[in-house]
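# just to be clear, the model below is a prediction. Sequence and coordinates:
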Amino acid sequence: MTVDYPATVMGLGNPPWATRIAFFAGVDDGNIIWEVNPLAMLKHASAFVPIMMSLGALATVLIYLALHGPAPQADEGAAAHIWQLLMAAQMPIVFFFAIRWLPSSPRYALVLALQGGTAIAAVAPVFVLQW
């Protein structure tokens with residue numbers, strides 16, 4: 001059965017992946033109400049790639065900390081450069097996600113909050129250890 005999703009909910013009319021993003025919420029005064037599932041948005045690369053990059057940056061810091069200890073080094077090594085690249089490279093992806101998906105539904109701000117939370121988790125050890 002093919003269901004036509006409202007263009008205002010999806011922003012693209014009726015794309016083939018629409019069933020993964022919107023779900024039936026009920027009927028109000030004869031109108032079908034479609035709710036957007038923000039966690040289903042994690043299936044899109046622009047949603048989950050920044051989260052994975054932040055987790056990779058956090059893993060880089062934790063592995064470096066386990067191998068070399070918390071003492072600051074005289075020179076930045078490969079771990080610092082990997083961390084910097086991962087954190088900087090995710091910013092355009094986050095901006096793309098915000099520009100592309102937030103206008104269609106403000107509920108996608110939950111995904112942005114998750115992206116921001118993982119970025120803060122990756123930045124926190126660097127500031128706490130004053131690296």
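Now that the structure is in, tell me what you want to look at.

# would you state the strands of the chain in chain order?
Counting by DSSP state E, the chain has these strands, from start to end: 22-28, 31-36.

# worst average pLDDT in the ones you listed?
Ranked by mean pLDDT, the strands of the chain bottom out at strand 22-28, which scores a mean of 52.

# what about residue 64, neighbour count?
By the criterion of other C-beta atoms under 10 Å, residue 64 has 20 neighbours. The C-beta positions use only the backbone N, C-alpha and C, and glycine is treated the same way.

# quick one: contacts for it?
Contact analysis of residue 64 by C-beta atoms under 8 Å, 6 or more residues apart in numbering lists 77, 79.

# let's go with 6 Å and repeat that
Shown in contact with residue 64 (C-beta atoms under 6 Å, 6 or more residues apart in numbering): residue 79.

# please report how far it lies from residue 103.
39 Å (C-beta to C-beta, to the nearest Å).

# then residue 78?
40 Å.

# what does residue 61 give?
34 Å.

# tell me which of those two has more neighbours.
More neighbours surround residue 61 than the other of residue 61 and residue 103, with 21 against 10 (other C-beta under 10 Å).

# now the helices for the chain?
Secondary structure of the chain (DSSP state H): helices at 7-10, 18-21, 45-68, 78-101, 109-128.

# same list (those helices) but as JSON lines, adding mean pLDDT.
Output for the helices of the chain, formatted as JSON lines (pLDDT from 0 to 100):
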{"stretch": "helix 7-10", "mean pLDDT": "47"}
{"stretch": "helix 18-21", "mean pLDDT": "48"}
{"stretch": "helix 45-68", "mean pLDDT": "94"}
{"stretch": "helix 78-101", "mean pLDDT": "94"}
{"stretch": "helix 109-128", "mean pLDDT": "94"}
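
# residues near residue 42, how many?
13.

# how close does the residue nearest to it when sequence neighbours are not counted get to residue 76?
Nearest residue to residue 42, sequence neighbours excluded (C-beta to C-beta, 6 or more residues apart in numbering): residue 48, at 4.9 Å. To residue 76, residue 48 is 29 Å away according to C-beta to C-beta.
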